[in-house]
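Next one to model:
(2 chains)
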Amino acid sequence: MTGPQPVQIRIGARNLTRRYGSVLANDAVELAVAPGTIHSIVGGNGAGKSTLMRILQGVDWPDEGAVILDNQPVRLASPAEAFARGVGMVHQEFMLAAPLTLLENLILGREPVGWNGLIDWRKAKAEAARLAGLAGVEIDWDMKARAAPIHVRQILEILRLLYRGADVLILDEPTAVLAPLQIEELLKLMRKLKAEGRTILFISHKLEEVLNCSDAITVMRAGRVVANTTAETTSVEALAHAMVGDNVPAPLIETHALPTGDPLFSVRGVVARDPVGFERLGPLDLDIRPGEIVGVAGVGGNGQDELVECAAGILSPVAGAIRFAGADLTNASAARFRRAGIGYVSADRRHEGLCLAAALTENFIAGREHDHAFSRLGFLRGANIRSEAVRAFEGLGVRYGALGDPAGNLSGGNQQRLAISRELSRAPKLLVVAQPTRGVDIAGSAFIHNLIAAFRDGGGAVLLVSESLDEILALSDRIVCLFNGQIIGALNRPDASVETVGRMMLGRKAAA
Amino acid sequence: MTPIALPRFANVVDAAAPFALALALGAAVLLTAGFEPLGVYRLMIQEAFGGQRQIAATLTAATPLLLTGLAAAIAFRAGIFNVGAEGCFYLGGIVAAVIGFAAPMWPPFVLILIALATASLAGGLWLVGPGLLRARLGVDEVVTTLMLNFIAIALTSWLVNGPLLARGSANSATPMIAPNGELPRLLPPTTLHLGFVISLAVVMLYGIWSRFAVGGLRSRLVGLNPRFSRAVGIEPAPIFLATMIASGAIGGLAGGIHALGLVHRFVSGFSPGYGFTGIAIALLARNSAIGVIIAAILFGALSSAGANIQLFSDVPIEIVQILQGAVMIFAVANLGFIWNRRRNAP
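Below is the predicted model of the structure:
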């Protein structure tokens, strides 16, 4: 699938290698992005995309080889240097100052200054309006960043790069948090920017989008470039095959007849606030029975985070009651939720699901270090811990170097497997799972889906929250849709489709 | 895929760098002042480690630093930036001294044990307030513990100027403790005393605890990532409180040992900043037990060599103080790590 090398390279890499300890994150990577094109980079987790982007942006440095800018090999010492040469990046986690307005965020760091040494707001507004017009979007510039919907924040991040004069935009999984309509808008914006001669590096797992918008496509696997192709000459199947090698992704998980009987987990009239103090959830009623997966669909920011945190005992609701296995857990500590038999796979595995600086074994036993299996008389039983960890890691196919390595050395997908192995080995009755496959490749996602299904088949109850509609539809026995913090509709899997649930996600009641 | 764990070699270089930089700075100052740096440094090493007497003096000077360094390290490990060891040192000192002179008839073992236990207790209780404020309300412990230092120093100073002032004494000091209460000397006529062994043992116990105990793992996880700890069911708040109390108790013990072992009473100005030097030691040591031992002995060497060097040369003691200060400043560059961690942890 290797096409001819374009003569002109706006940004690229030549023979670029980067090692982290024994892990070869980038292995002699060659990349050539022509100016004025949308170039997509696809690949599974641990494929080395993030490392490559960090290097292209000057955050990290290659051990061998070089970054190419305008046909010349260069050494980028810092993101500022990359920026000075026109390269800017929109990160997966947005870098906005929440208490400031969108306009303030736009000009932050490059404020237009008037003759009197103060910020020239008129000029700032004019510039903002010009950029919004150029991008074909309407933005309420006086809105606080924290109040802005997620897609507006994303567009703002892109406009900020334009404001600062970037002409190469690196977009790292920009569509991961967007609803279908918003994705369409983003792709439109990207095409518009391309038409103006800007170069876009687009990173995504969603192959349809990639085919939809790209000129050139580079596929990475295990740190290497395995294919260079174009949207016209390839297909979803071909790309997927190049990404995963010879692993075949699993089909939909089979659904069962819904269990009846007493709910294991039951939420009544729960209302919860986000950290800033806004009421984001509720009042909400929800029951989960043993042996079913309840999927929560919804566009990000409609109360899913708060629902997950309430169900895991991290966040105390301001009203309502949470009962689990006959006990009242309202306002109980997270530790009590766990003792009662609730497991929690966090959406934020880097900060909440795992402790990246701690060893694999420490991550594995965390929270159970006092169990008899792992300690005696207050001292850890190292041999037991290691053998248990090895067993669990092998069972879940966690790929690691040494048990004493920090969890941060693992690739994203393996980190997720580590987090799940810890939760499953506690043998919970209810598993609260948020975004289990965010940033995980196709083969890894299928594996995780099968684990969750096996847990259900063993009589476990699952609360699944995901922004990926495909995931919800593939796994859930029952689907509820959150909109503005409330359940706007509920469907059983046989009745659910992308169209019905997608409509509910945008706030329209299900057609009964 | 950020490389978080540096190889061990890099850790050693990291820890030694502040000393190397400080020595370079000191050499520059010495040169400017017209001294020959290598000769002065050779003399200092001689005065710190050159013989039994010198080594004993170094270890004596290192004794309080072992425990104040540990007090800081055990707190930093759990993500608590306790700077209150200095105040605990004063309180532990005065409590041990009072018991030492008030109960002269008790057998030595009992007297010493009770005096040191009470000194620890005083130090631990002193930090219950900041511990609760941090655990319950999230009040920044840097401010509370720093302020409590001033209160502890002023309180003990008032006590030795008033109620506890030794009869007939002109300076602000308690009466001498009973001989029963003195920690035995190890190498007479040097001042090295049993307190060094006790302190060393406590630091080694910490080393074992931090690596192999359930509590050690919990405190590390809470220090590294409180949000993660909560999610897996390790509540950070009780650990913050327990850590603060343990840190204060170790600071109090350090003061008690200093009173019973070296000073043999409590005087105003009891500590020349041992609690603060302990912070630098813990930062250099990256909270490890072995690091605390090495750093405490190095700081002990600096101060004992500094005291002697002006006897045997015309190098002023200020040059040694510049060295000490420089090591601390460069050590505090490590503070960035802890600070970043605190900031990133919501």
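
For the closest residue to chain B within chain A, the count of nearby residues, please.
Nearest residue of chain A to chain B (Cβ to the nearest Cβ) works out as A:Gly367 at 3.4 Å. To be clear about C-beta, it is placed using only N, CA and C from the backbone, and glycine gets the same treatment. A total of 26 residues lie near A:Gly367 under the criterion other Cβ atoms under 10 Å in any protein chain shown.

pretty sure it contacts B:Phe228?
No: under the criterion of Cβ atoms under 8 Å, A:Gly367 makes no contact with B:Phe228, lying 9.6 Å away.

Where does the prediction get shaky in chain A?
A:1-7, A:21-23, A:44-46, A:92-93, A:176-177, A:205, A:244-251, A:276-278, A:299-301, A:506-512 (pLDDT under 70).

domains of it?
When chain A is parsed with automatic domain parsing, its domains come out as A:11-244, A:265-505.

Which stretch among those domains is buried most, on average?
For the domains of chain A, the largest average neighbour count (mean count of other Cβ atoms under 10 Å in any protein chain shown) is found in domain A:265-505, namely a mean of 20.

how about the nearest residue to the residue of the stretch 101-250 of chain B found nearest chain A, chain neighbours excluded?
Proximity of the stretch 101-250 of chain B to chain A (Cβ to the nearest Cβ) peaks at B:Val232, 3.4 Å away. Excluding its sequence neighbours, the residue lying closest to B:Val232 (Cβ to Cβ, 6 or more residues apart in numbering or on different chains) is A:Gly367, at 3.4 Å.

Specify the local secondary structure of that neighbour.
What DSSP: H, G, I helix; E, B strand; the rest coil gives for A:Gly367 is coil.

Give me the phi and psi for A:Gly114.
phi -80, psi -180 (degrees, to the nearest 10).

Quick one: residues contacting it.
Each residue near A:Gly114 by Cβ atoms under 8 Å, 6 or more residues apart in numbering or on different chains is listed here: A:Asp120, A:Lys123.

Look up how far A:Ala124 lies from it.
10 Å (Cβ to Cβ, to the nearest Å).

now do B:Trp106
Applying Cβ to Cβ to B:Trp106 and A:Ala124 gives a distance of 77 Å.

same deal with A:Arg399?
With Cβ to Cβ as the criterion, A:Arg399 and A:Ala124 are 49 Å apart.

what does B:Ser288 give?
51 Å.

Start and end of stretch A:132-147, how far apart?
The separation between the terminal residues of stretch A:132-147, taken as Cα to Cα, to the nearest Å, is 19 Å.

no wait, stretch A:369-379
9 Å.

got it, and stretch B:121-139?
23 Å.

does chain A sit close to that stretch?
No: Stretch B:121-139 is not in contact with chain A by Cβ under 8 Å from any Cβ of the partner chain; minimum separation 12.8 Å.

which residues touch that stretch?
B:80, B:82, B:84, B:87-89, B:91-92, B:95, B:140-141, B:144-145, B:148, B:152, B:236-238, B:240-253, B:255.

Go ahead and list the helix or strand containing B:Ile45.
helix B:37-49 (DSSP states H and E).

Check the offset of that helix from the chain's centre.
25 Å (Cα atoms, centre = their mean, to the nearest Å).

Show me what it is packed up against.
helix B:8-32, helix B:52-77, helix B:289-312 (3 or more Cβ pairs under 8 Å, 6 or more residues apart in numbering or on different chains; DSSP states H and E).

on that earlier part again, need the contact list for the residue nearest to B:Val232.
A:Ala335, A:Arg338, A:Arg422, A:Arg426, B:Val232, B:Gly233, B:Ile234.

Distance to A:Val296 and secondary structure added to the residues you listed, as TSV?
Output for the contacts of A:Gly367, formatted as TSV (distance: Cβ to Cβ, whole Å; DSSP: H, G, I helix; E, B strand; the rest coil):
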residue	distance to A:Val296	secondary structure
A:Ala335	24	helix
A:Arg338	21	helix
A:Arg422	23	helix
A:Arg426	22	coil
B:Val232	22	coil
B:Gly233	23	coil
B:Ile234	27	coil
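
And B:Val83, its phi and psi?
phi -110, psi 20.

which residues in the stretch 201-350 of chain A form helices?
A:207-213, A:236-244, A:304-312, A:334-340 (DSSP state H, counting those that start in this stretch).

For A:His449, see how far away A:Glu254 is.
Taking Cβ to Cβ, one finds A:Glu254 at 11 Å from A:His449.

SS state for A:Leu431?
Criterion first, three-state DSSP; result for A:Leu431: strand.

Verify the stated contact: it with A:Gly460.
Yes: in terms of Cβ under 8 Å, A:Leu431 counts as a neighbour of A:Gly460; the distance is 6.0 Å.

and B:Ile257, that one's in a strand?
No: counting by three-state DSSP, B:Ile257 is not part of a strand but helix.

so how many other residues sit close to it?
That count, for B:Ile257 with other Cβ under 10 Å as the rule, works out to 30.

got the contact list for the closest residue to it other than its chain neighbours?
Nearest in space to B:Ile257, with sequence neighbours left out and distances taken as Cβ to Cβ, 6+ apart, is B:Gly195 at 3.8 Å. Neighbour list for B:Gly195: B:Thr63, B:Leu183, B:Ile257, B:His258, B:Leu260, B:Gly261, B:Leu262 [criterion: Cβ under 8 Å, 6+ apart].
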